[in-house]
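Visitor: the following block contains a protein sequence and its predicted model.
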Amino acid sequence: MDQRIGGGSTVSVDRDGPVWVVTIDRPELRNAVDGRTARALHDAFLAFDADDTASVAILSGRGEAFCAGADLKAIAAGDPEKRRTLGGRNTLAPMGPTRLVLSKPVIAAVEGPAVAGGMELALWADLRVVARGAVFGIYCRRFGVPLIDLGTIRLPRLIGQSRAMDLILTGRPVTAEEAFEIGLANRLVPAGSALAESVALAHQLAAFPQRCMRADRYSVLAQWSLDEDAAIDAEMQGGLDVIASGETIRGAAAFAKGQGRHGAF
């Protein structure tokens, strides 16, 4: 089912069972994000996280681009809906959802440019499925537009400070192949197949026991702000909650009956 979000037609949501596909729908502007689109993306992902029937979301762009970043023409015209305020976790960010800490995974399906704020949207996702021919880059370096959607935080955590500093200071283009080599892309797929490959991956994740997967995912995200002892305790507490839910014992019983042995899925 296709649904438009945010009182306009700039973001659409398609549901495929437990998988949501959230699409920036401004192909004539290479899916650049203005204030209204940022809010629509934010609202779409909040709705995804609140839906008990949804397990994995995909973020994509309509047409030949993932996202060209913030809509600079709208900014130059004084976009009244563009957010430029301070805010912590789970507040509306300039590009929309980049401050959200969701309880479920998001996959970025990247075709074409994912640059400037568009690269920050891709960095926000848990996984990036990147088609050959795609390009990343801090292109906003040319125009004095800063990274304010956690790009300076997430990029060094993903690929290391030295490589991140190179990309942030120079703003140079990064091909899909280089992105895969340095760990920015999780999957490198043929041109035109990023969305289909992302949907297949999303259904694979949705088929796993969800409480356990989400607890492990959250521990990965939370540990950055914790000291080692606190991180160990948080991981253990999350695991104990999973065990107490009965999900682990059900899985152990399935294994005892012969399911999933020798790495079979």
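Guide: Yes, it's here.
Visitor: low-confidence ranges, the stretch 1-150 of the chain, go.
Guide: For the stretch 1-150 of the chain, applying pLDDT under 70 flags the ranges 1-8, 83.
Visitor: mind listing the helices for the stretch 151-265 of the chain?
Guide: Read by DSSP state H, counting those that start in this stretch, the stretch 151-265 of the chain holds these helices, from start to end of the chain: 151-159, 161-170, 176-181, 194-206, 210-222, 228-245, 247-256.
Visitor: may I see the buried residues of the fifth one?
Guide: This means helix 210-222. Of the residues in helix 210-222, those buried by neighbour count under the rule 16 or more other Cβ atoms under 10 Å are Gln210, Arg211, Cys212, Met213, Arg214, Ala215, Arg217, Tyr218, Ser219. Bear in mind the C-beta positions are built from the backbone N, C-alpha and C, glycine included.
Visitor: need the helices of the stretch 151-265 of the chain in TSV (columns: distance to Pro80).
Guide: Written out in TSV, the entries for these read as follows (distance: least, Cβ to Cβ, whole Å):
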stretch	distance to Pro80
helix 151-159	24
helix 161-170	29
helix 176-181	35
helix 194-206	33
helix 210-222	33
helix 228-245	41
helix 247-256	47
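Visitor: among the ones you listed, which comes closest to Ile107?
Guide: helix 194-206 (4.8 Å; Cβ to Cβ).
Visitor: circling back to that earlier point, and the two most separated of the buried residues of helix 210-222?
Guide: For the buried residues of helix 210-222, the farthest-apart pair by Cβ to Cβ is Gln210 and Ser219; their separation is 14.9 Å.
Visitor: tell me, how many residues neighbour Asn31?
Guide: Asn31 is surrounded by 29 other residues when neighbours are defined as other Cβ atoms under 10 Å.
Visitor: go on, Phe255?
Guide: Here the number of neighbours of Phe255 (other Cβ under 10 Å) works out to 11.
Visitor: what's near enough to touch it?
Guide: Under the criterion of Cβ atoms under 8 Å, 6 or more residues apart in numbering, the neighbours of Phe255 are Arg261.
Visitor: need the pLDDT of it.
Guide: Per-residue pLDDT puts Phe255 at 89.
Visitor: follow-up on the earlier one: which among the buried residues of helix 210-222 gets closest to Glu235?
Guide: Taking Cβ to Cβ as the measure, Glu235 lies nearest Ser219 of the buried residues of helix 210-222, at 4.6 Å.
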